[in-house]
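Student: Provided below for reference: sequence and predicted model.
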Amino acid sequence: MPPHLQPKPQGASPAHFYLWAYNILCAILWLRVFLSTITAVIVSPNVSAVFASLEPWTRWTQTLAVLEILHAALGFTRSPVFTTFTQVFARSVQVWAINYAFPDVTAVSPAYPAMLLAWSMADTIRYLYFAVMLGAYAIPRALKWSRYTLFVALYPVGIGSEWWLMYKATMVTTNQPLAGLFCFFLCLYLPGSVMMYSYMLKQRRKVLAR
């Protein structure tokens, strides 16, 4: 569940330039994940090749989003701190406690490349959108449409893949407290996903109606 970074309108301050550079960097990193995932899927029919080549890169690219909690706390963005923390935490659990901790389960599942494609396409568009906004350029209509439309398909794919990989990890772990914690997280996916999806649909109607 990717965080919704909301830059504050502001002048050319150091914080403004930093946010612009941060969004450019994240857009490039996620674009690399997207292109590499497509290439790996085309080159090899073995889904484990995607995990082998992209797991570390994706894990650290996602970990960089921890900075967004700091951005919200310092007032660089308008995002609520708790909401930002929740969204970043959910993905951090996925990349560290599931994908990295249970490679035997994750590497062989088609859900892993599906998750990467959904994450990377959505985040490349999202970070590029904010980079253009912070650069004080007019946002192209195609970019705005993509930002507020493609999530309709990408979010269910990403969230469904996350859920499935966590479920598979729950089935193989011998640590009962950890299994219980994963089951708790799995139960949170439904209300959390409905809330986020409803919010994005509302934003889509508001933004594209302008």
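Tutor: Sure, I can see it.

Student: the helices in the chain, which residues?
Tutor: For the chain, the helices defined by DSSP state H cover 14-43, 48-63, 67-74, 81-92, 103-107, 111-134, 141-147, 151-172, 176-208.

Student: export those to a markdown table and tack on mean neighbour count and mean pLDDT?
Tutor: Bear in mind the C-beta positions are built from the backbone N, C-alpha and C, glycine included. A markdown table is the format used below for the helices of the chain (neighbours: other CB atoms under 10 Å; pLDDT from 0 to 100):
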| stretch | mean neighbour count | mean pLDDT |
| --- | --- | --- |
| helix 14-43 | 17 | 96 |
| helix 48-63 | 18 | 97 |
| helix 67-74 | 17 | 96 |
| helix 81-92 | 17 | 92 |
| helix 103-107 | 17 | 97 |
| helix 111-134 | 23 | 97 |
| helix 141-147 | 15 | 96 |
| helix 151-172 | 18 | 97 |
| helix 176-208 | 13 | 93 |
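
Student: and the spatially closest residue to Ala169 that is not a sequence neighbour, how many neighbours does it have?
Tutor: Once flanking residues are discounted, Ala169 sits nearest to Phe102: 4.3 Å by CB to CB, 6 or more residues apart in numbering. If you count neighbours by other CB atoms under 10 Å, Phe102 ends up with 18.

Student: any idea how far Phe102 lies from Met166?
Tutor: Separation of Phe102 from Met166 (CB to CB, to the nearest Å): 9 Å.

Student: and if you look at Leu150?
Tutor: Here Leu150 is placed at a distance of 24 Å from Met166 (CB to CB).

Student: Show the contacting residues for the residue nearest to Ala169.
Tutor: Applying CB atoms under 8 Å, 6 or more residues apart in numbering to Phe102 gives the contacts 165, 168-169, 172-173.

Student: Next, format those as a markdown table and append distance to Gln203.
Tutor: As requested, those are exported to a markdown table (distance: CB to CB, whole Å):
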| residue | distance to Gln203 |
| --- | --- |
| Leu165 | 27 |
| Lys168 | 32 |
| Ala169 | 32 |
| Val172 | 38 |
| Thr173 | 37 |
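
Student: Ala40 contacts Ser48, doesn't it?
Tutor: No. With contact defined as CB atoms under 8 Å, Ala40 does not reach Ser48; the gap is 9.9 Å.

Student: Got the confidence number for the residue lying closest to Pro110 once chain neighbours are set aside?
Tutor: Sequence neighbours aside, Val47 is the residue nearest to Pro110 in space, at 5.4 Å (criterion: CB to CB, 6+ apart). At Val47, the model reports a pLDDT of 91.

Student: Thank you kindly, that will do.
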